[in-house]
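Colleague: next one to model:
(2 chains)
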Amino acid sequence: MVELLFWPALLAYGEAAVAYAGDARRPGRAGRLATWGVRLGWVIQTALLAVQAAEADGFAWDDWAGSLNLFVWLVVGVYLFWGCRARYRLLGLVVMPPAAALLVLARLGGGTDTGVASDYSTLFLVVHVGLVLAAFAGFTLAAALSGLYLWQERALKQHRPGRLLGRMPSLVSLDAVAARTVAVALVALTIGVVAGLVRLGRESAGFDALMGATLVTWLVYAAFLVLRHEADWRGRRAAYLALAGFGVVVLARLGLQLTHVA
Amino acid sequence: MALLLVGLSHHVAPVELRERVALSGDQARVLARTLAGEAGEVVCLATCNRTELYLCTTEEDAAEQDAVAALAGTAGMPEKELAPVLYRLRDEAAALHLFRVAAGLDSMVPGEGEILGQVRAAYEGGQTGPLLDRLFRQALHAGKKVRTETAIAESPVSASSVAAALAEQVFGDLRGCRVLLVGAGKAGELAARSLASRGAQVALVGNRTAEAASELAERFGGRAVALEGLAAQLAGVDVVVSATSSSTFVLTRDQVAESLPSRRGRPLFLIDIAVPRDLDPAIHELAGCYLYDIDDLEDVVATSLVGRRREAAQAEAIVEDEADRFRAWQASREVVPAIASLRTRAEEIRAGELERARSWLGQLSDGERAAVESITARIVDKLLHVPTVRIKEAAAGADGPVYESALRHLFDLDEDAKR
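Modeller: Here you go, the predicted structure:
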């Protein structure tokens, strides 16, 4: 069953990635096809995750490949909030190709196969792993928005807005949406980390590198919000900081892998 | 019935001539109705760049003469002087021309949006029948389709609209954005109006002459400020439009830099359309400040025009497709008399046979007789449906007349016509 669902989901994401490239060249029909690809792919991946959860009778994504599968679903889900709007379509060009590639990586690691129940309780995994991954998905989107901000800001500074005119969200919108995304994601990360620390305290387990990287991520994004509100760090500086935070997310997510709960 | 177009545009006539044949909306309506008479079809499309008469006629030469005479009368010049400048197009060429006009492909600025409304106004003011009604509705459809399916109308094409589009690229929705207008001249006012039309509020007007500043500020619903106090106002505005004749900078980099802390990270967009420039170019180097002078705006306009011309190729394909559809529809009208004769002939046969069987049918009840009527009518309809569709399809091709002739011959329809 999972096989039957994986390929259509990947196909839909791949179609969306190609169609977004087409939309960047000639806006219109390709963009609408891309949006439908994202919607369809996400619905199919949701079904895939549901089948995995049903077969594992609980949380089925506690190894690195499984969590990558869940991470892709979360990123695409968060993107869907904006992707349906024509002005955010170019964001799809940044999001969908990596999403499709990461889904392939998840499959190569066995993350899209039939799930196996974990030793940990489902509630703990949902709160801890689920929320941490949701937060990372939010930070990923915020980084994509910040990347778009810097790209557009550079074009405006170079007096070459060209084809961007009227096709991109404004600088102020990108800045504000990225900040709101970080704020929501940071709350999710805080709850997820606290759940992990409580469990850590009960089991008297040690502190590992992944936990350190996650804590650094939390600090960077907390600084992002504090500097924004207290020192008016907006625009280019805020975008660079969001990208720096994303660098730590990549380290935590791909460099160290989420294997410590397995 | 043939379609005829007689007119002139910026492609063939200089402005001195165009202004002589220019017509207001009311004048165009009167001209169309006068030319059409009681039962004719005429639409007059009159814009600042073109005056065109679309006529549906059976006597093309006479109608053309009338149209030329009407335009010459409007211009107040002899027909023989005006006639060489006018273009005359017929049927498919005339339809394609109107579709291109409606799509903005024949305009000075490719894809400009105003023309579609002008075509609609001409259509509504003209005297239309089956042919011109179909032609103009399809032209409006083609115009909308081109704007929906291509990006031809997306990019701005004047310095003031580029300035407003750039401000939107920085701030998004301009509602709530406050504009400081420096200078009370026409150029600055035009740029400020473009911003105001998108929701921005022209809150402050600064000028060397306080009286002119107050007058302009009042028109925008803002207030006048002294030129010397401009820097102090920067904390409360989002867009600065400057167009004075000052020989020195009215705002320097240092003045803008001093205002930045109080702006709390909010960007500042500055438009300098003055020559010599009013705003220190070094302002653009400041974080969150975007300064565009007149050359920068013109560069963006030039890029937009290149983009529009690129989109025009796709738009031409859409327009040609619509013209093909119109041609097919027009050709199908040519076989309508033959189809009507065929159906009349079939109905006569059906009615005749029922009449011959009247003595037998008289024994049936009313309900049974009605059923026989209905069944025979359905048989005739079904038998004729496919030939009717096929001949309409064939009419659009080169073999159309052959099929029509065959139909008339096979069913002896010419004899019907004679009778």
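
Colleague: check contacts around residue 121.
Modeller: No chain specified, so I'll use chain A. Taking CB atoms under 8 Å, 6 or more residues apart in numbering or on different chains, we find A:Ser121 in contact with no residue. Any C-beta I mention is one placed from the backbone N, CA and C, and that applies to glycine too.

Colleague: wait, chain B
Modeller: B:Gly25.

Colleague: from B:Ile115, how far out is it?
Modeller: 10 Å (CB to CB, to the nearest Å).

Colleague: and for A:Glu55?
Modeller: 62 Å.

Colleague: between those two, which has more neighbouring residues?
Modeller: Neighbour count, other CB atoms under 10 Å in any protein chain shown: between A:Glu55 and B:Ile115, B:Ile115 has more, with 22 against 16.

Colleague: what about the nearest residue to A:Ser170 once chain neighbours are set aside, how many residues nearby?
Modeller: Once flanking residues are discounted, A:Ser170 sits nearest to B:Gly172: 3.5 Å by CB to CB, 6 or more residues apart in numbering or on different chains. As a burial measure, B:Gly172 scores 18 neighbours (other CB under 10 Å).

Colleague: now for B:Gly172: which residues touch it?
Modeller: A:169-170, A:172-173.

Colleague: same check on A:Thr46?
Modeller: A:Trp73.

Colleague: residue of the stretch 1-150 of chain A nearest chain B, please.
Modeller: A:Pro27 (5.6 Å; CB to the nearest CB).

Colleague: tell me the spacing between the nearest residue to that residue once chain neighbours are set aside and B:Ser9.
Modeller: Distance criterion CB to CB, 6+ apart; nearest residue to A:Pro27, sequence neighbours excluded, is B:Ala151 at 5.6 Å. Going from B:Ala151 to B:Ser9 by CB to CB gives 25 Å.

Colleague: again with A:Gly245
Modeller: Here A:Gly245 is placed at a distance of 59 Å from B:Ser9 (CB to CB).

Colleague: out of those two, which sits in the busier spot?
Modeller: Taking other CB under 10 Å, A:Gly245 and B:Ser9 do not tie; A:Gly245 has more neighbours (26 against 19).

Colleague: let me see the domain layout of the chain.
Modeller: All of this is about chain A. Domain ranges of chain A: A:1-114, A:119-262, per automatic domain parsing.

Colleague: that's the wrong chain, I meant chain B
Modeller: With automatic domain parsing as the reference, chain B has domains B:2-149, B:159-301, B:335-418.

Colleague: and those domains as JSON lines, adding distance to B:Gln314 and mean pLDDT?
Modeller: Output for the domains of chain B, formatted as JSON lines (distance: least, CB to CB, whole Å; pLDDT from 0 to 100):
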{"stretch": "domain B:2-149", "distance to B:Gln314": "8", "mean pLDDT": "91"}
{"stretch": "domain B:159-301", "distance to B:Gln314": "21", "mean pLDDT": "91"}
{"stretch": "domain B:335-418", "distance to B:Gln314": "24", "mean pLDDT": "83"}
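
Colleague: so which bits of the stretch 251-400 of chain B are right by chain A?
Modeller: Remark: the part of the stretch 251-400 of chain B in contact with chain A comprises B:261, B:264-267, B:284, B:287-288, B:290, B:292, B:296, B:299-300, B:303-304, B:307, B:314, using CB under 8 Å from any CB of the partner chain.

Colleague: in the stretch 251-400 of chain B, what residue comes closest to chain A?
Modeller: Taking CB to the nearest CB, the stretch 251-400 of chain B has B:Gly265 as its residue nearest chain A, at 3.3 Å.

Colleague: how close does that residue sit to B:Asp254?
Modeller: Following CB to CB, the distance that separates B:Gly265 from B:Asp254 is 19 Å.

Colleague: tell me which of those two has more neighbours.
Modeller: Legend: neighbour count by other CB under 10 Å for B:Gly265 and B:Asp254, higher for B:Gly265 (18 against 12).

Colleague: hang on, isn't that one packed against A:His229?
Modeller: No: the pair B:Gly265 / A:His229 is not scored as a contact, 10.4 Å apart, by CB atoms under 8 Å.

Colleague: quick one on the thing from earlier: which of the contacts of B:Gly172 count as buried?
Modeller: With neighbours counted using 16 or more other CB atoms under 10 Å in any protein chain shown, the contacts of B:Gly172 contain these buried positions: A:169-170, A:172-173.

Colleague: redo those residues as TSV? Include secondary structure.
Modeller: Compiled in TSV, the buried ones among the contacts of B:Gly172 are given as follows (DSSP: H, G, I helix; E, B strand; the rest coil):
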residue	secondary structure
A:Pro169	coil
A:Ser170	coil
A:Val172	helix
A:Ser173	helix
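
Colleague: most widely separated two among these?
Modeller: Greatest spatial distance among the buried ones among the contacts of B:Gly172 (CB to CB): A:Pro169 and A:Val172, at 8.8 Å.

Colleague: could you point out which of the buried ones among the contacts of B:Gly172 is nearest to chain B?
Modeller: A:Ser170 (3.5 Å).

Colleague: wait, doesn't that closest one sit right on B:Gln169?
Modeller: Yes: with contact defined as CB under 8 Å, A:Ser170 and B:Gln169 form a contacting pair (5.8 Å).

Colleague: stretch A:182-200 and chain B in contact?
Modeller: No: contact of stretch A:182-200 with chain B (CB under 8 Å from any CB) is absent, the minimum separation being 15.5 Å.

Colleague: can you tell me which residues in the stretch 51-200 of chain B are near chain A?
Modeller: B:149-151, B:154-156, B:162, B:165-166, B:168-172.

Colleague: how close does the nearest residue to B:Leu364 once chain neighbours are set aside get to B:Ser359?
Modeller: Counting by CB to CB, 6+ apart, B:Val372 is the residue found nearest to B:Leu364 once chain neighbours are left out, at 7.0 Å. B:Val372 sits at a distance of 14 Å from B:Ser359 (criterion: CB to CB).

Colleague: higher neighbour count, those two?
Modeller: B:Val372 (14 against 7).

Colleague: so who does the more buried one touch?
Modeller: So B:Val372 contacts B:354, B:361, B:364 (CB under 8 Å, 6+ apart).

Colleague: number of residues surrounding the first one?
Modeller: Read it as B:Leu354. Applying other CB under 10 Å, I find that B:Leu354 has 15 neighbouring residues.

Colleague: again, but for the last one
Modeller: Other residues within reach of B:Leu364, judged by other CB under 10 Å, total 12.

Colleague: so it, which of the three states?
Modeller: Classified using three-state DSSP, B:Leu364 is coil.

Colleague: which residues touch B:Ile8?
Modeller: If you look again at residue B:8, you'll see it is Leu, not Ile. Per CB under 8 Å, 6+ apart, neighbours of B:Leu8: B:17-18, B:21, B:50-52, B:71, B:85-87.

Colleague: with B:Glu154 instead?
Modeller: By CB under 8 Å, 6+ apart, the neighbours of B:Glu154 are A:27, A:165-167, B:307.
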